[in-house]
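**Student:** Dropping a prediction and its sequence here:
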Amino acid sequence: MSTSKLLEHRDISLKDVADLPWPGMTIPGSFAFSPDDRWLTFLGSQDQTLNRHLVGFDTQTGEEVSLVRGDEHGVSEANVNLEEALRRERRRQRATGVTRYEWAKHGSKILIPMEGGLYVYDQAVSSSHLIVEASDKPILDARFSPNAEWIAFVQEAEIFVAAIDGGEPRRLTFGARESGKSHGLAEYIAQEEMNRMRGYWWSPDSTQIAFTVVDETHIPVYRITHQGMDTVGEGAQEDHRYPFAGKANARVGLGVVDLGGGEPVWIDLGEDEDFYLARVGWLPDGRIWAQIENREQTSLDLRAFNPATGASQLLLQEQSDIWINLHDMFYPLKMERLDGGRYLWASERSGYLHLYLLDEQGEVIRQITGGPWIVDGVYGVDEQSETVFFTANRASPLESHLYAVSLNGGDIRQITTEPGSHSVVLDHANKRFVEVHHSLDQPPKMTLRSLADFSILFSVHEQLDPRIEELNLESPEAISFENRSGVELHGLIYRPPARFGDGPYPTVVSVYGGPHAQSVVNSWWPTTNMRAQYLAGIGFLVFVLDNRGTARRGLDFEGALRNRMGTVEVEDQVDGVSWLVDRGLAQRDRVGIYGWSYGGYMACMGLAKAPQVFKAAVAGAPVTNWDGYDTHYTERYMGTPEGNPEGYRDGSVMAHVDQIQGSLMIIHGLIDENVHFRHTARLINALIAADKSYDLLLFPDARHGPRKKADRLYMEERIRDFFLQNL
């Protein structure tokens, strides 16, 4: 970029930090191909905002057309009901307008939930009609039947179906509300920790629905009061059945009901009632399959069930000395000529997540992929050519690329080649794919490409964000080093502008640090991290490090924190700061740390366990004692409080409060139903008892993160002022 052009740039403001989405991140999402692969549809923004519209892209002509506008009866923060608001929290969803749609498996119809009810848009005639009208009873999780003749949905904890050619909806399940249960809805743990948002599944022939029955009546109520409301009464409080670590979980059953109604058939899920129903689906032969995980998360059974009798058959079993990481890479194969192979499955039995071909008894026919890298996801299986298309970090632990490999094993072909992160959706014929590519120095770009030769067929929705050039965003510098144990760690450095000299600089560590997440990646996300960019712009060096325990490095790397959260993660962050100090980048006595959720926990633990390193910490929505977090997440990594009392005690922030010497700011939303404000309240009690000062920033109407723009701007101002005053 020329020097003359630089004169037109402006400094990043706190308004830029508070504005969402950040520059370059108005990326279209929810890509899907029509059943005939003629149309590529997606949810996109036309004005660089969070408001999404349903857009169609003609794959033959390259023409882009607006199908359904999101500002016409779309979802907004103001009109969303409580049930859907909580589901949006589980999805970390901030987009408004059209937020979900589904193509029918055949034909030209698209199901779109809107404020007014359930609509079906017919692409063939470019018109939509209302199928189910909205009422004061929220309509949840609507889905087409495979034959596209019906739409199922959940209302008042029961399953209903409605014919798309008209008529009143028909109720299929009964008795849930009366017994305090729910039918067809995923429980909190399934949504928040297991990535299972669904609670019912259509049979392939559209004649039956498998569904969950969830009983949480034995779990004590955890009440959250809306202290910021102007009035009291209805809506001023929420009652949640929250499963705390070591305590009771929801009891989940599985039933099957005919489309015509009648009594359900109940599936035999085994004698043990304390388990997790992780995944459910239907096999091509009409049987139901389910993944059942034990409470300890060290064993997982994949079972098939007869929907007429409920009888089960074990297909395979996974076991781990560390823990089982759930995934969505189970593919029943329809063809019989693959050496008797019937299932494509992913397993971490080698220490890295890889693909295997299994027979009907769950025996390995062959390992398809292998090596010190992981498969991220399977995006297509072409049984005619016996080819699997998958994404993985084979080229670099910081990248994701699309690959192809034969079901018979052999050489792996890398399809995407440009450095960075690639996310893809394949068409039904496995001939083309839409790719979203971005890197530290490349904002996201979307193209339609050929799977045969990777040639670009069309550029899709290329809409440049003027803020990228206006703000002159500088990519962070990627670095690597070995920690005290000789393990290679990866980090990112945001340097202050040249006017602040060559260093050393006052330094702020931006941390998440927990499992199932990776912050240091070759993607646009770090470059558009506006808080880091802003802090660098006012003279701080900002440092991001993926410590041991974070994702996509294999089970040994991730499992380093097993039963001892708050130990190796803090050690690695300290080693990262030492690396910066040794190179003259960080001022030893002017280092701060900030993070949210697990990152908030890390900020607290850094300040308390390494006071010689960290002088100031901003902890957003911190977990302060793991006995106050949920079962599935916490017990996977820490076991139960009864089984690992020392780990829970040492992993509590409160156990180390007396060591705090620096300054602490705690930020929390009062209606956070994920990390309850109780975590902060317990920490405050410990701080008072230890005579430690602290700053407290509360948002009465916020859940796990502030959604209101005014709240976000206010928060960023306070964070800036805190670091300026204390570093």
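**Tutor:** That came in fine, so what should we check first? Numbers count the residues shown, from 1 in each chain.
**Student:** all contacts plus neighbour counts: C-alpha atoms, from now on.
**Tutor:** Will do.
**Student:** Where do the domain boundaries of the chain fall?
**Tutor:** Domain ranges of the chain: 27-134, 471-726, per automatic domain parsing.
**Student:** Run the chain-centre distance for the longest one.
**Tutor:** Between the centre of domain 471-726 and the centre of its host chain there is 19 Å, according to Cα atoms, centre = their mean, to the nearest Å.
**Student:** mind checking the end-to-end distance for it?
**Tutor:** End-to-end distance of domain 471-726 (Cα to Cα, to the nearest Å): 27 Å.
**Student:** and if you look at stretch 457-469?
**Tutor:** Stretch 457-469 end-to-end distance (Cα to Cα) = 27 Å.
**Student:** again, but for stretch 406-413
**Tutor:** Per Cα to Cα, stretch 406-413 runs 9 Å from first to last residue.
**Student:** neighbouring contacts of that stretch?
**Tutor:** 338, 357, 366-369, 386-388, 403-405 (Cα atoms under 8 Å, 6 or more residues apart in numbering).
**Student:** What is the most widely separated pair among the residues you listed?
**Tutor:** Farthest pair in these (Cα to Cα) is Leu338 and Tyr403. Separation: 20.5 Å.
**Student:** These two: which has the busier surroundings?
**Tutor:** Between Leu338 and Tyr403, counted using other Cα atoms under 10 Å, the more crowded position is Tyr403 (21 against 16).
**Student:** Just give the nearest non-adjacent residue to that one, would you?
**Tutor:** Leaving aside its sequence neighbours, Tyr403 sits nearest to Gln414 (Cα to Cα, 6 or more residues apart in numbering; 4.4 Å).
**Student:** One more: Thr550?
**Tutor:** Using Cα to Cα, 6+ apart, the closest residue to Thr550 is Pro515 (4.4 Å).
**Student:** Now the one you found: which helix or strand?
**Tutor:** Using DSSP states H and E, Pro515 sits within no helix or strand.
**Student:** What pLDDT does the model give it?
**Tutor:** pLDDT, Pro515: 96.
**Student:** mind starting the numbering at 14 from now?
**Tutor:** Sure thing, new numbering starts at 14, so read that last one as Pro528.
**Student:** which ones are touching it?
**Tutor:** With Cα under 8 Å, 6+ apart, Pro528 has these contacts: 562-564, 571.
**Student:** Which single one of those residues is nearest to Pro519?
**Tutor:** Nearest to Pro519 out of those is Thr563 (Cα to Cα; 26.0 Å).
**Student:** what's the distance between that closest one and Gly375?
**Tutor:** 30 Å.
**Student:** what are the ranges of the helices in the stretch 114-263 of the chain?
**Tutor:** Under the criterion DSSP state H, counting those that start in this stretch, the stretch 114-263 of the chain contains helices at 189-192, 201-205.
**Student:** Tabulate those helices in a markdown table, adding columns for mean neighbour count and distance to Val234.
**Tutor:** Converted to a markdown table, the helices of the stretch 114-263 of the chain look like this (neighbours: other Cα atoms under 10 Å; distance: least, Cα to Cα, whole Å):
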| stretch | mean neighbour count | distance to Val234 |
| --- | --- | --- |
| helix 189-192 | 12 | 16 |
| helix 201-205 | 21 | 13 |
